[in-house]
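**Q** Return atomic coordinates for the entry below.
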Amino acid sequence: MPTECSAEPVRTERFEFGPVDGRAVVAGFDGGAITSDAGALLLGTTDRAIGLVGRFAECFIDGRRPELVEHAVPTLVGQRVFGIALGYEDINDHDELRHDPVMAMLAGKLQARRADCAPVAGKSTLNRLELSRDVATRYHKIAHHPAAIEALFVTLFLEAYRTAPKEIILDLDATDDPLHGHQEGRFFHGYHDCYCYLPLYIFCGRHLLAAKLRPANIDASAGSVEEIARIVAQIRQRWPHTRIILRADSGFARDALMSWCEANGVDFIFGLAKNVRLVRAIGTELVEAREENQATGQPARRFKELIWTTRKSWSRQRRVIAKAEWTKGEANPRFIVTSLTSADGEGRHLYEAIYCARGEMENRIKECQMDLFADRTSSATMKANQLRLWFASMAYVLLEGLRRIALRASDLADASCGTIRRKLLKIGALVTISVRRVKFAMASGCPSKATFATAHRALVAAVNTS
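**A** Modelled structure (predicted):
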């Protein structure tokens, strides 16, 4: 990257616009070292506070000849994670981004060793990273350890707490990832009415613990026992006395998962699909709710507890809580099955305060897919698409670290990843590089100046105490 004193003007195309106050208005891409992502410096400090990129890079094996390597694996991994966090979903974008001074700062590398290279990598090198296999081959010399990557998500979650919490709730959900090509493992899903993958997400509040890519020709709960067993074992190594509760919709109310929970001291509260027998069991309550609804014109609900078992699929009786509701002129019965006892609360409380709160997880999945492009699974193989999903997921963890550490006392404390990017990361700046320093002269009219300053102070304090 040229320094301030050696930069040379570059001839570029000029764009003319209508005059203002008698003056011609012209534009051109000849400003030199200018970036639109100066706020990403906060991401670099967040990474130093939580140690994400370095440990993520340790999950990869580099089989390339060191003397021929210009871009080390930590640089490539960080470039991909930071790029997604900044809104660049495609590796094609990096053919220009590799010249962006912010990307060089985040990589800790102002200049390339070779004259024909930029400080960070272009699309071809990043593509080889995304196509890495479990084992390095002659043509794919970078490999990765899936188990190590999966464990890192849980490690970062555990490190976010100073002391072990008394209780945590793990939310599970499956969502659709529509496909528009002929990717490996694609199937048509009748409910979602498209060809798609069916990834499994596991969150604890805003913390992402797992993002598992799966084909769509499976049950929503497929593989959940294995994922929960792995995560619970890792949590209990650090927090042996923390109570763990699983929460999910009716797609996870399967005997295998509930039996595993009962055998391993894990509680659960799952939605339960309604059927004729269940609805018949709350017939009296539905009549009462209908009469109240007709009298008041307002939705009416009653709750009833059942000791329930299915005719064939369950191995034992379980506690079921029924909501008999009448609203908008019709019945709206709902059911949940849980291992929680009366000591944890009566039926209404468990349904309204505990179970219904699972809807917040859907906002987290939307952040991952809409703000961080977790559904950008356009590679030919499932392994490559799983790695893409992990890169997007790590970008979410990085932004959540920024939100948790630096923004909790600001007006962005509850902002989505997309809002944080737009208001705090997308800041224009002129970059000057001299012998002694690199200066980012950010836009004076930036409306998020105060929030930026607050975030910077919090991150510096976190780095100094980590």
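**Q** Which residues are in contact with Ala273?
**A** 250, 253, 335 (C-beta atoms under 8 Å, 6 or more residues apart in numbering). C-betas here are computed from N, CA, C, even on glycine.
**Q** per-residue pLDDT, it?
**A** We have a pLDDT of 96 for Ala273.
**Q** Repeat that for Cys261.
**A** Reported pLDDT for Cys261: 98.
**Q** so how far is Arg334 from the closest residue in space to it that isn't next to it in sequence?
**A** In space, and not counting its chain neighbours, Cys261 is closest to Phe268: 4.8 Å by C-beta to C-beta, 6 or more residues apart in numbering. Relative to Arg334, Phe268 is positioned 17 Å away (C-beta to C-beta, to the nearest Å).
**Q** These two: which has the busier surroundings?
**A** Phe268 (25 against 19; other C-beta atoms under 10 Å).
**Q** Tell me if that one really is in a strand.
**A** Yes. Secondary structure of Phe268 (DSSP: H, G, I helix; E, B strand; the rest coil): part of a strand.
**Q** my guess is it contacts Ile244, does it?
**A** No. Phe268 is not in contact with Ile244 according to C-beta atoms under 8 Å; the separation is 9.5 Å.
**Q** starting at the chain centroid, how far to the host helix or strand of Ala27?
**A** Assigned by DSSP states H and E, Ala27 falls within strand 23-28. Averaging C-alpha positions (C-alpha atoms, centre = their mean, to the nearest Å) puts strand 23-28 42 Å from its chain's average.
**Q** what do you get for stretch 356-369?
**A** Distance, centroid of stretch 356-369 to centroid of chain: 10 Å (C-alpha atoms, centre = their mean).
**Q** Next, the buried residues of it.
**A** 358, 361, 364-365, 367-369 (16 or more other C-beta atoms under 10 Å).
**Q** Let me have those in TSV, adding pLDDT and secondary structure as columns.
**A** Conversion of the buried residues of stretch 356-369 to TSV gives the following (pLDDT from 0 to 100; DSSP: H, G, I helix; E, B strand; the rest coil):
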residue	pLDDT	secondary structure
Arg358	94	helix
Met361	94	helix
Arg364	96	helix
Ile365	97	helix
Glu367	97	helix
Cys368	97	helix
Gln369	96	helix
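**Q** circling back: could you pick out which of the contacts of Ala273 are located in helices?
**A** Assigned to helices by DSSP state H, none of the contacts of Ala273 qualify.
**Q** between those residues, which is closest to Gly22?
**A** Of all the contacts of Ala273, Gly22 sits closest to Ser250, with 69.0 Å by C-beta to C-beta.
**Q** Would you confirm that the closest one contacts Asn275?
**A** No. The criterion here is C-beta under 8 Å, and Ser250 misses it with Asn275 at 10.9 Å.
**Q** Burial check on Ala353, number of neighbours?
**A** 10.
**Q** Make sure it is actually in contact with Asp344.
**A** No. Look at Ala353 against Asp344 with C-beta under 8 Å: they stay out of range, at 10.5 Å.
**Q** Quick check: Tyr351 touching Lys323?
**A** Yes. Between Tyr351 and Lys323 there is a contact under C-beta under 8 Å: 5.7 Å.
**Q** which neighbours do these two share?
**A** With C-beta under 8 Å, 6+ apart as the test, Tyr351 and Lys323 both reach 303, 334.
**Q** in the helix or strand where Val460 lies, what's buried?
**A** According to DSSP H and E, Val460 maps onto helix 449-465. Going by neighbour count (16+ other C-beta under 10 Å), the buried part of helix 449-465 is 451-452, 454-455, 458-459, 462.
**Q** of these, closest to Arg230?
**A** For the buried residues of helix 449-465, the nearest to Arg230 is Ala462 (28.7 Å; C-beta to C-beta).
**Q** so who does that closest one touch?
**A** Applying C-beta under 8 Å, 6+ apart, the residues near Ala462 are 49, 405-406.
**Q** Distance check, it against Leu42.
**A** 11 Å.
**Q** where do the contact lists of those two overlap?
**A** Ala406.
**Q** if you count what's nearby, which of Ser250 and Asn275 comes out ahead?
**A** Ser250 (17 against 10).
**Q** Poorly predicted segments of the stretch 1-150 of the chain, please.
**A** The model of the stretch 1-150 of the chain has pLDDT under 70 over residues 1-11.
**Q** Just the strands from the stretch 51-200 of the chain, written as ranges.
**A** 60-62, 142-144, 167-174, 177-178, 187-189, 194-197, 200-204 (DSSP state E, counting those that start in this stretch).
**Q** do the same with the stretch 251-400 of the chain
**A** Using DSSP E, counting those that start in this stretch, strands in the stretch 251-400 of the chain cover 267-272, 300-308, 318-327, 330-331, 334-338.
**Q** Nearest approach to Lys426 belongs to which of those?
**A** Comparing the strands of the stretch 251-400 of the chain by C-beta to C-beta, strand 267-272 comes nearest, at 39.0 Å.
**Q** Who are the packing partners of the closest one?
**A** Applying 3 or more C-beta pairs under 8 Å, 6 or more residues apart in numbering; DSSP states H and E, we find strand 267-272 packed against strand 243-248, helix 255-263, strand 334-338.
**Q** Help me confirm that Ala121 comes into contact with Val77.
**A** No. Applying C-beta under 8 Å, one finds Ala121 not in contact with Val77, separated by 10.6 Å.
**Q** sorry, back to before: now the helix holding Val460: how far from the chain's centre is it?
**A** Counting by C-alpha atoms, centre = their mean, helix 449-465 comes out at 23 Å from the chain centroid.
**Q** ok, back up a step: relative to Glu96, which of the buried residues of helix 449-465 is nearest.
**A** Phe452 (25.0 Å).
**Q** how close does the closest one sit to Gly401?
**A** Counting by C-beta to C-beta - Phe452 and Gly401 are separated by 16 Å.
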